[in-house]
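Asks: Quick one, structure for this:
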Amino acid sequence: SHVIVEGVFNAKGEFVDSTVHMWEDAEGGLNHIVAGVANTRCSEPPAFVLEDPSAAPAPEDGAAHSEYEASRWPVFLPALYHLWEGHPDPSQNVPCDLTVENTENGDYETEIEKGGEVALEQFHITRLILPEINVRVGHVIVPVGLTNSHHEPVNFFGTSRPEGETKIIPSTWHETGLELFGTLGKGWATFDYQAMVVTGLNANGFDRKTWAGSGKTSIFEYDNFTSPAYVARVDYRGVPGLRVGASWYFCNNIAANSDKRTVYSRYGDIPVRIYTVDAQYINRFLTFRGNCIFGNLGKSDKLSQANLNLGNNSPYTRATPIAKKAVSYGAELGLNLQGIAGTPKCPALYPFARYEYYNPQEKVIARQGPDDREKVGMWTAGLNWKALPNLVFKADYTTRKIGGGKYNSENEFAIGVAYIGWFWSK
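Replies: Below is the predicted model:
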């Protein structure tokens, strides 16, 4: 027979409540008993309820949770027990991550882990056939915009990635799918291309603050391929040091990729289109980068209403209205002091400046209108020291103008160090 006691304490160390699970092997299966104990005299609720009062379970939530445990305990309780196996003192706590939550579509997600999680950005198999055409299948980077295609920290000057681009689209954006890529032409007429079919964005993640930026997020550890996305990118590389690119993204129905498709079924298809252009020029004296992103969301007013009604327990933000159009553009220029000095004795220092404008509320057709607090124009200036080809030290100062100056500006100073390297590539 086995016993596991799980409990909750508040910040003062007072016991709040506890659940005792007892089970034993029996002919034809297992016998399971659950007992609950609560302290009605504790002076305050646990920390997670103080931070978010809506997290306090309602009576119906408790009933649903008990119903869920009755069906899922054979999975997660034995797993918890095995975490204790072989422990010198079984009465002591063993660090673990147990997640049991009711999702918005009525299902639950359960995770039991001894350690943290690792986010997988790329894992794919590439077949090189000809310079003009090659095939890649697996989990790949979606090359929409400047930063996703070149997201390593040595490929931008600031201590953080360009804010506008990472605000309105996912970054780093990675999906599972099939890619064709290659190089066409030669000399002054050299072009690289990529064409993809990948898992599409999730309607649950769209919101007022980030537009599609959180659309990659799902509370489940898988992505729906019900309505795939089509991605294309072309880069011109015919001039040494110059790259000029454009990309296009289209998903016909982001609602079909949501966690609960019935929420959006009465609205029909909800399409999203994203267009980008970007450029980079590097020589011995300077580095210049610029980019522009334009996004268009169909039936944004309907999506706003549906996401607003997801419910208080939804893991998504529900921040509305969601804009029909979102935009971001920016440029940065850095000077290579080592190249200007003409001697390797001078450190590889890059003073730089960057300007960005972004607005995830560029055009709103919902009744409440746009939220001007999301419209940001910003300047960043700083210094990079490239100590090694893949090691860079950064410092910068940023000032943001909010809502065209209608609200208080934001100012910040940041320092950072970044190193990039491939652990395994074949």
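Asks: Okay, buried residues for stretch 359-378 please.
Replies: 359-362, 364-366, 370-371, 374-378 (16 or more other Cβ atoms under 10 Å). All C-beta atoms are positioned from the backbone trio N, CA, C, and that covers glycine.
Asks: Scan this structure for its longest strand.
Replies: strand 349-363 (DSSP state E).
Asks: after that one, next one along is what?
Replies: As assigned by DSSP states H and E, the chain's next helix or strand after strand 349-363 is strand 376-388.
Asks: Please point out which parts of that following strand sit buried.
Replies: For strand 376-388, by 16+ other Cβ under 10 Å, it's V376, G377, M378, T380, A381, G382, L383, N384, K386.
Asks: and the closest residue to V137 other than its chain neighbours, what are its bridge partners?
Replies: Leaving out its chain neighbours, the residue that sits closest to V137 by Cβ to Cβ, 6 or more residues apart in numbering is L178, at 5.2 Å. Per DSSP bridges, the residues bridged to L178 are V137, V197.
Asks: L178 contacts A195, correct?
Replies: No. Assessed by Cβ atoms under 8 Å, L178 is found out of contact with A195, at 9.1 Å.
Asks: What residues are bridge-paired with D17?
Replies: The partner residues for D17, given DSSP bridges, come to V8, A38.
Asks: that older thread, now the longest strand of the chain, how far from the centre of its chain.
Replies: 20 Å (Cα atoms, centre = their mean, to the nearest Å).
Asks: what are the pairing partners of that strand, and which direction each?
Replies: Short version: by DSSP bridges, strand 349-363 pairs with strand 325-335 (antiparallel), strand 376-388 (antiparallel).
Asks: Using PDB, write out the CA atom coordinates for it.
Replies: Extracted in PDB, the C-alpha atoms of strand 349-363 (Å, rounded to 0.1, in the frame of the first residue of the first chain):
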ATOM      1  CA  LEU A 349      34.000  48.500 -30.500                       C
ATOM      2  CA  TYR A 350      30.600  49.400 -32.000                       C
ATOM      3  CA  PRO A 351      28.800  52.500 -30.900                       C
ATOM      4  CA  PHE A 352      25.300  52.300 -32.200                       C
ATOM      5  CA  ALA A 353      21.900  53.900 -32.300                       C
ATOM      6  CA  ARG A 354      18.500  52.400 -33.100                       C
ATOM      7  CA  TYR A 355      15.000  53.800 -33.700                       C
ATOM      8  CA  GLU A 356      11.800  51.700 -33.600                       C
ATOM      9  CA  TYR A 357       8.100  52.300 -33.900                       C
ATOM     10  CA  TYR A 358       5.500  49.600 -33.200                       C
ATOM     11  CA  ASN A 359       1.800  49.500 -32.600                       C
ATOM     12  CA  PRO A 360      -0.100  46.300 -32.100                       C
ATOM     13  CA  GLN A 361      -3.200  48.500 -32.200                       C
ATOM     14  CA  GLU A 362      -2.600  50.200 -35.500                       C
ATOM     15  CA  LYS A 363      -6.200  49.700 -36.800                       C
END
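Asks: List the buried residues for stretch 228-237?
Replies: Across stretch 228-237, burial judged by 16+ other Cβ under 10 Å covers P228, A229, V231, A232, R233, D235, Y236, R237.
Asks: cool, stretch 305-316 as well?
Replies: Q305, A306, N307, L308, L310, S314, P315, Y316.
Asks: Which single one of those is nearest to A341?
Replies: Using Cβ to Cβ, Y316 comes nearest to A341 of those, at 52.0 Å.
Asks: show me what contacts the residue nearest to V137?
Replies: Shown in contact with L178 (Cβ atoms under 8 Å, 6 or more residues apart in numbering): V135, R136, V137, M196, V197, V198.
Asks: one more time with 10 Å, if that's ok
Replies: H124, V135, R136, V137, G138, V140, A195, M196, V197, V198, P228 (Cβ atoms under 10 Å, 6 or more residues apart in numbering).
Asks: again, but for N252
Replies: By Cβ under 10 Å, 6+ apart, the neighbours of N252 are G200, S227, P228, A229, Y230, D269, I270, P271, V272, R273, G298.
Asks: Backbone dihedrals for A203, both of them.
Replies: phi -60, psi -30 (degrees, to the nearest 10).
Asks: whoops, I mixed them up, Q338
Replies: phi -70, psi -40.
Asks: I'd say it and N384 touch.
Replies: No. At 11.6 Å, Q338 does not count as touching N384 under the criterion of Cβ atoms under 10 Å.
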